[in-house]
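[1] Test case, fold it:
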Amino acid sequence: MPDPAPFLRAEWRWLVMLNYEVDAAIVHPHVPAGTEIDFWNGKTYVSLVGFLFLRTRVKGIPIPFHRNFEEVNLRFYVRHKAGEEWRRGVVFIKEIVPRWAIAWVARTLYNENYVSLPMRHHVAGDEFRYSWHFNGKSNHLGVLRSGEPLPAEPGSEEEFITEHYWGYTAQSDGSSLEYRVEHVPWRV
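    Numbers count the residues shown, from 1 in each chain. This next block holds a predicted model:
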């Protein structure tokens, strides 16, 4: 029997990633059942990620006014043993999008920690910036790129951060939801 069509398809463009080493105890309460923190050289990382979702389709259908939008998320890295395979994945602590319907669907169907806030982006030349408003304050995430992006070096910290192809979400009954995330290897 063929695999069912993916629930969500989209292009992720103009990614901005800020990565921080943190004490594992900070993310431990968010580790879904059946997973464990994925360390890199004994270090625990969280990443703040901003990007544009483009050409978004749900079950193959483009939803008017919900195809192209910003997202900023805070995530950390886990792994799950499936048979003999270690599946490396991400867990989202918070995900910010500009449209309430997107946040509602993600919270309702997947128990993802989405919120809807006013957002903007600026992509021009080598500058990439995402902003959002929360509690009357403006917040920004951005970079000024120098040089052309290159493939991550095998075994590097950059490869560790970018090469996770599974998502895990804790469910209200204590179980976990696992989903596959397909993307081309990101250049850094």
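[2] for this structure, what's the longest helix?
    helix 100-110 (DSSP state H).
[3] by contact count, what packs against that one?
    strand 85-97, strand 114-116 (3 or more CB pairs under 8 Å, 6 or more residues apart in numbering; DSSP states H and E). The way it works is simple: take the backbone N, C-alpha and C, and place the C-beta from them, glycine included.
[4] let's go with 6 Å and repeat that
    Counting contacts by 3 or more CB pairs under 6 Å, 6 or more residues apart in numbering; DSSP states H and E, helix 100-110 packs against strand 114-116.
[5] Quick one: work out the angle between the longest helix of the chain and strand 85-97.
    On the basis of axes from the mean of the first three to the mean of the last three CA atoms, to 10 degrees, helix 100-110 is oriented at 150 degrees to strand 85-97.
[6] CA-only coordinates of helix 100-110 in PDB, if you can.
    Once non-C-alpha atoms are left out, helix 100-110 reads as follows in PDB (Å, rounded to 0.1, in the frame of the first residue of the first chain):
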ATOM      1  CA  TRP A 100      -4.700  32.300  13.900                       C
ATOM      2  CA  ALA A 101      -6.100  29.500  11.700                       C
ATOM      3  CA  ILE A 102      -2.600  28.000  11.300                       C
ATOM      4  CA  ALA A 103      -2.000  28.100  15.000                       C
ATOM      5  CA  TRP A 104      -5.400  26.700  15.800                       C
ATOM      6  CA  VAL A 105      -5.000  23.700  13.400                       C
ATOM      7  CA  ALA A 106      -1.500  22.900  14.800                       C
ATOM      8  CA  ARG A 107      -2.600  23.100  18.400                       C
ATOM      9  CA  THR A 108      -5.800  21.200  17.800                       C
ATOM     10  CA  LEU A 109      -4.600  18.300  15.600                       C
ATOM     11  CA  TYR A 110      -1.000  17.900  16.800                       C
END
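[7] buried residues in stretch 102-115?
    Under the neighbour-count criterion of 16 or more other CB atoms under 10 Å, stretch 102-115 has 102-103, 105-106, 110-114 buried.
[8] Which members of those are the farthest-apart pair?
    102 and 111 (14.8 Å; CB to CB).
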